[in-house]
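**Student:** just to be clear, the model below is a prediction. Sequence and coordinates:
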Amino acid sequence: MSEPGPESIPTSADPRSRRPVKRRAVSPRSEHANQVDSLFRDPNKALKLPDASKPKTASSLPAPPEIVANVQGSSAGAGSGEFHVYKASRRREYERLRLMQDEVHREKAEDEWQKKREETKRKDEEKTEKNRKRRDKRKAAKKNNAGKTGGLMG
């Protein structure tokens with residue numbers, strides 16, 4: 001037999017073995033556990049958080065090419081490799097158009113919201129002014145009544 005050693009240790013994990021350690025597939029749970037352990041190892045170390053991703057806009061995408069050489073559709077004499085090129089360019093163009101449309105919708109919604117906000121503000125100010133006039137009128141009437149009754153009794 002070979003050298004005495006614990007039977008429960010696999011040969012690759014035995015420190016006396018020259019065989020490389022088998023690398024197992026890492027599960028998401030164990031990967032996350034390793035990340036947390038590494039964070040707790042040095043609590044004084046500053047955390048580096050990734051920047052917030054910016055939403056895509058039509059201006060952030062590259063502009064479409066000025067001149068398209070060898071324009072072909074999805075078929076019509078295109079080779080098998082040309083189909084994927086066509087699909088990719090079509091996908092990029094549809095994405096660009098969708099982003100432009102979203103921008104227009106967003107601007108339109110923002111304008112409508114601003115108009116609605118201004119209208120609400122104007123109505124509130126009108127109502128406040130109306131109530132203020134009514135209050136002032138009541139105060140003036142109260143003051144006149146108090147002055148008349150105060151003068152007769154006093």
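**Tutor:** Okay, I see it.

**Student:** so for the chain, the centremost residue is which one?
**Tutor:** Centroid check for the chain by CA atoms, centre = their mean gives residue 55 as the closest residue, at 6.5 Å.

**Student:** give me the element that residue is part of.
**Tutor:** Here residue 55, judged by DSSP states H and E, is contained in no helix and no strand.

**Student:** against residue 61, how distant is it?
**Tutor:** Note on residue 55: its distance to residue 61, by CB to CB, to the nearest Å, is 12 Å. Yep, even glycine has a C-beta here, placed from its N, CA and C like the rest.

**Student:** before we move on, what about residue 107?
**Tutor:** For residue 107, the distance to residue 61 - CB to CB - is 18 Å.

**Student:** quick one: which of those two has more around it?
**Tutor:** Legend: neighbour count by other CB atoms under 10 Å for residue 107 and residue 61, higher for residue 61 (14 against 10).

**Student:** pLDDT below threshold where in this structure?
**Tutor:** Applying pLDDT under 70 to the chain picks out residues 1-15, 21-22, 70-79, 149-154.

**Student:** where is the longest helix in it?
**Tutor:** Longest helix of the chain, by residue count under DSSP state H: helix 80-153.

**Student:** so what's the residue count around residue 58?
**Tutor:** When neighbours are counted by other CB under 10 Å, residue 58 registers 16.

**Student:** please disregard the earlier target; I meant residue 26.
**Tutor:** Residue 26, neighbours per other CB under 10 Å, totals 11.

**Student:** repeat for residue 19
**Tutor:** The burial count for residue 19: 10, using other CB under 10 Å.
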